[in-house]
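Chemist: Sequence first, then the predicted structure:
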Amino acid sequence: MASNFTEFYVQLWNVRLGQPINDDTGLYSVFQAGVPLNQTVYSDDTGTSKTLPGTMTDGVIQFWVASTTTTVDLSVLTAAGKSYFIEGLTASQHRIDVDPHREQYVLVGTWAVLSAHADGTVSAVKAPQSGGLPAGLRIKDVYVHKTTLGEGVGAGLIVDFGVSGDPDGFVDGMTASATGYYLNGAVIAVDTEGGSIVAATQLRGVLLMNYAEGNSGVTASAGAPGFFEKRNYMISLVTTTNNLVFAITATSQLTTVAGARGYVFYEYDIIPTAGN
């Protein structure tokens, strides 16, 4: 009799030593192939429900999906802080190659508004993280891909991304009336003298920048253009205040929207210390 479920079995593999990696605390999330939504997964071939993110055992990622599902997307964060995004994973792929000396990574998460939300509601980003990101990660940039516009107010949805201790610390008030990629830079405005000044409103959150607002009259003695510089956010402690979150900005007046969704990318490197 044909099974109603298909098994996915993936092992972390050390490419330097040519042997499996034993990881009992690394996490993974399973997304629908090409769609930023959780895939329904099971813990056995009888359809027992499985909660995401899942935890590895001996460096093994194992789950089942309905037999009608042939591919999934997999986002992984190992105990050592290394992240991998495997797009279009099939059941015949059984290995993730890990270079223990690589230090630069991009963690992929998803976000979605699936039903009505109250303004300011904070929701967890769907990514392989729980109880706080691993210590020793230096987050350098965060950017967003909006894949689906949504309905009503969601067509211009305003959202923030950060950590639970500072929900708009990475991206502060991203708004988009179209789908696409949205990078995270400075807001430059034209002052009264025709010059350019750093504006008070900033898209980049304060955890990832230093800036001073410019004032009017940059060509006159009283004016100043201000300044903007990127900064890094260091994960020094593993705490719940370092859980990845997104928030719906209060000014969006969001009450009855559904459908807006996309991916969020956390570009980081690992500080090379013992254990990483």
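Modeler: Yep, it's here. The shown structure was predicted, so the numbers you read here are calculated from the model rather than taken from an experiment. Residues are numbered from 1 along each chain as shown.

Chemist: Identify the residue spatially nearest to G194, adjacent ones excluded.
Modeler: T219 (7.2 Å; Cβ to Cβ, 6 or more residues apart in numbering). Yep, even glycine has a C-beta here, placed from its N, CA and C like the rest.

Chemist: isn't the one you found right next to I197, touching?
Modeler: No - T219 is not in contact with I197 according to Cβ atoms under 8 Å; the separation is 11.0 Å.

Chemist: Could you count how many residues lie near N210?
Modeler: N210 has 10 neighbouring residues, counting by other Cβ atoms under 10 Å.

Chemist: wait, it sits on E229?
Modeler: Yes - contact criterion Cβ under 8 Å: N210 and E229 qualify, at 5.1 Å.

Chemist: And the next helix or strand past the lowest-mean-pLDDT helix or strand in the chain?
Modeler: Lowest on mean pLDDT, DSSP states H and E among the helices and strands of the chain sits strand 122-124, with a mean of 61. Of the helices and strands lying after strand 122-124 in sequence (DSSP states H and E), the nearest is strand 137-148.

Chemist: Give me the sheet partners of that following strand and which way each runs.
Modeler: strand 180-182 (antiparallel), strand 233-234 (antiparallel), strand 261-270 (antiparallel) (DSSP bridges).

Chemist: Pull out the buried residues from the last one.
Modeler: The one in question is strand 261-270. R261, G262, Y263, V264, F265, Y266, Y268, D269, I270 (16 or more other Cβ atoms under 10 Å).

Chemist: Let's see that strand as CSV, backbone CA atoms only.
Modeler: In CSV, the C-alpha atoms belonging to strand 261-270 read as follows (Å, rounded to 0.1, in the frame of the first residue of the first chain):
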residue,chain,number,x,y,z
ARG,A,261,3.9,38.4,2.9
GLY,A,262,7.5,37.9,2.0
TYR,A,263,11.0,37.1,3.1
VAL,A,264,13.4,38.8,5.4
PHE,A,265,17.2,38.4,5.2
TYR,A,266,19.7,38.8,8.1
GLU,A,267,23.2,39.3,6.8
TYR,A,268,25.7,38.5,9.5
ASP,A,269,29.1,37.0,10.3
ILE,A,270,30.3,34.8,13.2
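
Chemist: quick one: that strand to chain centroid distance?
Modeler: Between the centre of strand 261-270 and the centre of its host chain there is 4 Å, according to Cα atoms, centre = their mean, to the nearest Å.

Chemist: Can you list the buried residues in the strand or helix carrying Y84?
Modeler: Using DSSP H and E, Y84 sits in strand 83-90. For strand 83-90, a neighbour-count test (16+ other Cβ under 10 Å) marks S83, Y84, F85, I86, L89 as buried.

Chemist: quick one: secondary structure of L207?
Modeler: helix (DSSP: H, G, I helix; E, B strand; the rest coil).

Chemist: and it, what is it in contact with?
Modeler: Shown in contact with L207 (Cβ atoms under 8 Å, 6 or more residues apart in numbering): I139, G162, V163, D166, G169, F170, R231, Y233.

Chemist: 10 Å instead?
Modeler: By Cβ atoms under 10 Å, 6 or more residues apart in numbering, the contact list for L207 reads 139, 142, 162-163, 165-166, 168-172, 231-234.

Chemist: closest to Q39 among the residues you listed?
Modeler: V142 (23.9 Å; Cβ to Cβ).

Chemist: What about the residue nearest to F85 when sequence neighbours are not counted, how many residues nearby?
Modeler: With Cβ to Cβ, 6+ apart as the criterion, F85 has its nearest non-adjacent residue at 4.2 Å, and that residue is V108. By other Cβ under 10 Å, the residues close to V108 number 26.
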